[in-house]
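Enquirer: When you get a sec, could you give me coordinates for this:
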Amino acid sequence: MDKIKILNVVTVVEDGGLEMLIYKLYKGLNKDIFDADLCILTSSEKESFILNDFRDLGCKVYNLNLRNKNIRFIDFFKNLKEIVKLNKLIRSGKYKIVHSHDFFPSFFTRITIIPNKIIFSKYPQKVFITYHNTYYWLKKPHRLINKLLSYFTDKIVCVSDTARIDSLLTEKISQDKYKVIHNGLDPLEYFKDDNSNKLFRKKYGYNENDFIIGNVGVLSVRKGQIYLLKAFNEIYHKYPYLKLLITGSTRPHEMDIYVEIMSYIKINKLEDKVKIIEPIKEVNGIYNIIDLFVMCSITEGFGLSAFEYMLTEKRCIFSDIDVFKELTKNGVYGCLFENKNYLSLSSKLQEEIEDFQSKKTTFHIYRSFVKEHYNLNLMVKEYEKLYKE
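Expert: Numbers count the residues shown, from 1 in each chain. Next up, the predicted model:
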């Protein structure tokens, strides 16, 4: 029996949660049944360590050169050439399933396969897309495009019910097109480790008495790190042992966010209190040195890093956006603060810091909760079921 060939299409592979999620999906798929490859639509200034992980799985990695920012007139013709390349790749590679992620890849992939659908080409047989966010920045024309392209889409996967509802209300797509598959995490990869705590505290210049507030995520307006900085600035003078660690890389189109963050640190003389570091592969070590994680996103589809952190048996503070209300069972498995309100966050930080020792004995419940509801094996099984339909 021939394997089911799958081509996943993404904008870029750097060090974000989306790329890592696809890698873990590939790693978990039954290799006797599925053969999965990857197509990257745009070029990147640096090659992520995740790319080597894909290659180690035996995954073919294809690179195109589409332009999706600052598009000039000539770029329309260049993009058309890349679309033809993608169409040829799908047909020559005999990919039964093409699965794209987020707005840009989903748009170009579905534009690419429209001729195939019209002439009843054998490849691809199924077209799936995954919404990883609620995409508040999309305008009405974008939403209309998504609705029109849904007629060339077999299934729209959403990583949370919040993402599904957002699309359903704004794009008016038929309900039977949707399927919710929560992101999944591997409990064997993220866990409490006292040795890592000691090792990574030493590596980054922290002592055992420092109380570290942390965040892991791309430096972006979407991730809301500026509100965390402002909240920290409100309270750090009350706790001499308090530190803030933000782990995140920059994106070329959001360098202004990095500049804003670094300027705020300098203006408020926080250099001795705040560290901004690049992401590393051994992220479990970072999670183990963080005493209190803050997920301060102003929009999100899931928020993988917070739930990875919870697997180390610790508590997380979330902004009270709809998706975090959904995923934490309305704050039962996490603390909520008012979105975009740094004073609300600073108040919650103080509560959590002062009650930390008394609550510590109950922190194991967070690992149990994530293992039960957002387990990698559950996610892989759901995708395998989808791919076999």
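Enquirer: C-alpha from now on. contacts and neighbour counts both.
Expert: OK.
Enquirer: got the contact list for Lys243?
Expert: Going by C-alpha atoms under 8 Å, 6 or more residues apart in numbering, Lys243 touches Asp210, Phe211, Ile212, Ile213, Tyr236, Lys273, Val274.
Enquirer: List the pairing partners of whichever helix or strand the third one is part of within its sheet, with orientation.
Expert: Okay, so that is Ile212. Using DSSP states H and E, Ile212 sits within strand 211-216. With DSSP bridges as the test, strand 211-216 is paired with strand 242-247 (parallel), strand 292-295 (parallel).
Enquirer: Tell me how far the helix or strand following the last one lies from the chain's centre.
Expert: What that stands for is strand 292-295. Following strand 292-295 in sequence order, the next helix or strand is helix 304-310 (DSSP H and E). Its chain's C-alpha centre lies 11 Å from the corresponding centre of helix 304-310 when counted by C-alpha atoms, centre = their mean, to the nearest Å.
Enquirer: now helix 304-310: mean pLDDT?
Expert: For helix 304-310, the mean per-residue pLDDT is 96.
Enquirer: can you list contacts of the helix or strand just after it?
Expert: Counting by DSSP H and E, the next helix or strand C-terminal to helix 304-310 is strand 316-319. With contacts defined as C-alpha under 8 Å, 6+ apart, strand 316-319 is touched by 292-298, 306, 309-310, 324, 334-340, 348.
Enquirer: Select only the buried ones of those residues in PyMOL?
Expert: Here is the PyMOL command that selects the buried residues among these (16 or more other C-alpha atoms under 10 Å):
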select buried, resi 292+293+294+295+296+297+298+306+309+310+324+334+335+336+337+339+340+348
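Enquirer: got a list of contacts for stretch 230-240?
Expert: Stretch 230-240 is contacted by residues Leu242, Lys243, Leu244, Asn268, Leu270, Tyr342, Leu343, Leu345, Ser346, Gln350 when judged by C-alpha under 8 Å, 6+ apart.
Enquirer: among these, who's most crowded?
Expert: With neighbours taken as other C-alpha atoms under 10 Å, the top of these is Leu345, carrying 26 neighbours.
Enquirer: isn't that residue right up against Leu229?
Expert: No: between Leu345 and Leu229 there is no contact under C-alpha atoms under 8 Å: 10.1 Å.
Enquirer: list residues touching both of the two?
Expert: With the criterion set as C-alpha under 8 Å, 6+ apart, the contacts of Leu345 and Leu229 do not overlap.
Enquirer: Kindly report the domain assignment for this structure.
Expert: Domains of the chain are assigned by automatic domain parsing as 4-184+375-388, 194-373.
Enquirer: Going by mean pLDDT, which of those domains comes out lowest?
Expert: domain 4-184+375-388 - the lowest mean pLDDT of the domains of the chain, at a mean of 92.
Enquirer: end-to-end on that one?
Expert: End-to-end distance for domain 4-184+375-388, by C-alpha to C-alpha, to the nearest Å: 8 Å.
Enquirer: before we move on, the earlier item: could the contacts of stretch 230-240 be laid out in TSV, adding distance to Asp102?
Expert: Below are the contacts of stretch 230-240 laid out as TSV (distance: C-alpha to C-alpha, whole Å):
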residue	distance to Asp102
Leu242	37
Lys243	35
Leu244	31
Asn268	37
Leu270	36
Tyr342	29
Leu343	33
Leu345	30
Ser346	33
Gln350	37
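Enquirer: and the two most separated of the residues you listed?
Expert: Spatially, the most separated pair among the contacts of stretch 230-240 is Asn268 and Gln350, at 19.7 Å (C-alpha to C-alpha).
Enquirer: my guess is Ile97 meets Val127, correct?
Expert: Yes: here Ile97 reaches Val127: they are 5.9 Å apart, a contact under C-alpha under 8 Å.
Enquirer: Find me whatever residue is spatially closest to Leu378, sequence neighbours aside.
Expert: Gly184 (6.9 Å; C-alpha to C-alpha, 6 or more residues apart in numbering).
Enquirer: As JSON lines, the strands paired with strand 211-216 with distance to Asp35 would be great.
Expert: Output for the strands paired with strand 211-216, formatted as JSON lines (distance: least, C-alpha to C-alpha, whole Å):
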{"stretch": "strand 242-247", "distance to Asp35": "33"}
{"stretch": "strand 292-295", "distance to Asp35": "35"}
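Enquirer: out of those, nearest to Ser106?
Expert: Among those, strand 292-295 comes nearest to Ser106, with 27.0 Å by C-alpha to C-alpha.
Enquirer: I'd like the distance between Gly28 and Arg367.
Expert: In this view, Gly28 and Arg367 are 21 Å apart by C-alpha to C-alpha.
Enquirer: now do Ser347
Expert: 25 Å.
Enquirer: Pick out whichever of those two has more residues nearby.
Expert: Shown here are Ser347 and Arg367; by other C-alpha under 10 Å, Arg367 has more neighbours (22 against 14).
Enquirer: Now for that one: which residues touch it?
Expert: Met310, Leu311, Thr312, Glu313, Lys314.
Enquirer: What sits closest to it if chain neighbours are left out?
Expert: Setting aside the residues directly before and after it, Arg367 is nearest to Leu311 in space (C-alpha to C-alpha, 6+ apart), at 4.2 Å.
Enquirer: shouldn't the one you found be in contact with Asp193?
Expert: No: using C-alpha under 8 Å, Leu311 is not in contact with Asp193, being 10.9 Å away.
Enquirer: Mind checking which of those two has more residues around it?
Expert: Remark: of Leu311 and Asp193, Leu311 carries more neighbours, 29 against 15, as counted by other C-alpha under 10 Å.
Enquirer: gap between the more buried one and Thr162?
Expert: Distance, Leu311 to Thr162, by C-alpha to C-alpha: 23 Å.
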